[in-house]
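Peer 1: Sequence first, then the predicted structure:
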Amino acid sequence: MGHNHDHHHHHGSNNKKALLWAFLLIALFMFVEVIGGIVTNSLALLSDAGHMLSDAAALGLALLAVQFGQKKADQSKTYGYKRFEILAAFINGLALMVIAILIIWEAVKRFSSPPEIAGTGMLLISTIGLLVNIGAAFILMMGDKEENLNVRSAFLHVLGDLLGSVGAIIAALLIMFFNWGIADPIASILVAVLIAVSGFRVTKDSFHVLMEGVPANIPVEKVKQKLEQIEGVCSVHDLHVWAITSDFPALSCHIAIQKDCDGRTVIKAANQILHDEFGLHHTTIQIDEDGEDHSEHEHCN
């Protein structure tokens, strides 16, 4: 167990560094983009800034979550504050969807009367934006985005942002060379759709964890079968698998065993299987001697 904790701690500090740098980069540039959007009158830039705001929020929340998640468990919160990160991701996802709706609303109004837009300024700012996002994406790739839902959602944000900057660059070029003012609201709608999709995804994943859903990579039926194959086991019931946070699955169950069977041996075997085959380190197993539990009349191994 000790090894596991160190591994998590190492990842935690890595994630924290990556998130902090990406956060500073993006928050700083967001202000540049808001000012740029207002000066050049470009909705595509403003929507990209909206996306960057949601990014900065995502990264800020993720940072807080890593910080909170490392707080020790106490009497009132026996799992510690690890769930905070899921809550953060959930709020974050909802905020993204709201931002997307606002951008689309504004863009639709612009279709009827496209305003004058300063294409050159827009091009300059969106190009810098692209570089900033590439930088942030690289930083986050150093983090541990496969395991941690928060780093992953932050990474997805930045990726969407990157596409937003590309959209703004294309729109700026169209405005400069062909005077297509309409390219601006089109680009902003595309960005908004990206924002909405990533928002929906993050909300859905975090909702699943908040509802104590089974982690996607753990086949409950198979877990039950494996446990029932242990020598002396009659049946497995009240089996629950859930996740405390994105990289912390847990399991609890009752195992009914034969009268003459040693419970400790069964628990040891069960934990071995759960650990080695399913990556479950946090388990609670109760042994029932067969005869105590009349609800399951199954033969014993």
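Peer 2: Arrived safely, thanks for sending. Numbering: from 1, shown residues only.
Peer 1: tally of neighbours for the nearest residue to Gly36 once chain neighbours are set aside?
Peer 2: For Gly36, ignoring the flanking residues on the chain, the nearest one in space by C-beta to C-beta, 6 or more residues apart in numbering is Ile125 at 3.9 Å. The C-beta positions use only the backbone N, C-alpha and C, and glycine is treated the same way. By the criterion of other C-beta atoms under 10 Å, Ile125 has 26 neighbours.
Peer 1: just checking, Ile125 is part of a strand?
Peer 2: No: looking at Ile125 with DSSP: H, G, I helix; E, B strand; the rest coil, it is helix, so not inside a strand.
Peer 1: Just the buried residues of stretch 17-33, please?
Peer 2: For stretch 17-33, burial by neighbour count (16 or more other C-beta atoms under 10 Å) applies to 18-23, 25-27, 29-30, 32-33.
Peer 1: I meant stretch 229-249, not that one.
Peer 2: Buried residues in stretch 229-249, counted by 16+ other C-beta under 10 Å: 230, 232-236, 239, 241-249.
Peer 1: picking up where we left off before, got JSON lines for the buried residues of stretch 17-33, with pLDDT, secondary structure and distance to Leu162 too?
Peer 2: Converted to JSON lines, the buried residues of stretch 17-33 look like this (pLDDT from 0 to 100; DSSP: H, G, I helix; E, B strand; the rest coil; distance: C-beta to C-beta, whole Å):
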{"residue": "Ala18", "pLDDT": "80", "secondary structure": "helix", "distance to Leu162": "16"}
{"residue": "Leu19", "pLDDT": "82", "secondary structure": "helix", "distance to Leu162": "17"}
{"residue": "Leu20", "pLDDT": "85", "secondary structure": "helix", "distance to Leu162": "20"}
{"residue": "Trp21", "pLDDT": "86", "secondary structure": "helix", "distance to Leu162": "16"}
{"residue": "Ala22", "pLDDT": "85", "secondary structure": "helix", "distance to Leu162": "12"}
{"residue": "Phe23", "pLDDT": "86", "secondary structure": "helix", "distance to Leu162": "16"}
{"residue": "Leu25", "pLDDT": "87", "secondary structure": "helix", "distance to Leu162": "13"}
{"residue": "Ile26", "pLDDT": "86", "secondary structure": "helix", "distance to Leu162": "11"}
{"residue": "Ala27", "pLDDT": "86", "secondary structure": "helix", "distance to Leu162": "17"}
{"residue": "Phe29", "pLDDT": "86", "secondary structure": "helix", "distance to Leu162": "12"}
{"residue": "Met30", "pLDDT": "85", "secondary structure": "helix", "distance to Leu162": "14"}
{"residue": "Val32", "pLDDT": "84", "secondary structure": "helix", "distance to Leu162": "16"}
{"residue": "Glu33", "pLDDT": "83", "secondary structure": "helix", "distance to Leu162": "14"}
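Peer 1: Looking at the residues you listed, which one is closest to Ala172?
Peer 2: Closest approach between those and Ala172, by C-beta to C-beta: Glu33, at 12.8 Å.
Peer 1: Tell me the one of the buried residues of stretch 17-33 nearest Asp74?
Peer 2: Leu19 (24.6 Å).
Peer 1: Go ahead and confirm the closest one touches Ala136.
Peer 2: No: if you go by C-beta atoms under 8 Å, Leu19 and Ala136 don't touch, sitting 10.0 Å apart.
Peer 1: The closest residue to His240 other than its chain neighbours: how many residues sit nearby?
Peer 2: Spatial nearest neighbour of His240, excluding adjacent residues (C-beta to C-beta, 6+ apart): Ser252 at 5.1 Å. Using other C-beta under 10 Å, Ser252 has 14 other residues around it.
Peer 1: Against Leu124, how distant is Asn179?
Peer 2: Remark: distance between Asn179 and Leu124 (C-beta to C-beta, to the nearest Å) = 18 Å.
Peer 1: ok, those two, which is more surrounded?
Peer 2: Taking other C-beta under 10 Å, Asn179 and Leu124 do not tie; Leu124 has more neighbours (15 against 12).
Peer 1: quick one, what contacts His157?
Peer 2: His157 makes contact with His51, Ser54, Asp55, Ala58, Leu59, Leu96, Ser198, according to C-beta atoms under 8 Å, 6 or more residues apart in numbering.
Peer 1: Repeat the analysis, applying 10 Å as the threshold.
Peer 2: Contacts for His157 (C-beta atoms under 10 Å, 6 or more residues apart in numbering) come out as 22, 26, 51-52, 54-59, 62, 92, 96, 133, 136-137, 140, 194-195, 198-199, 202.
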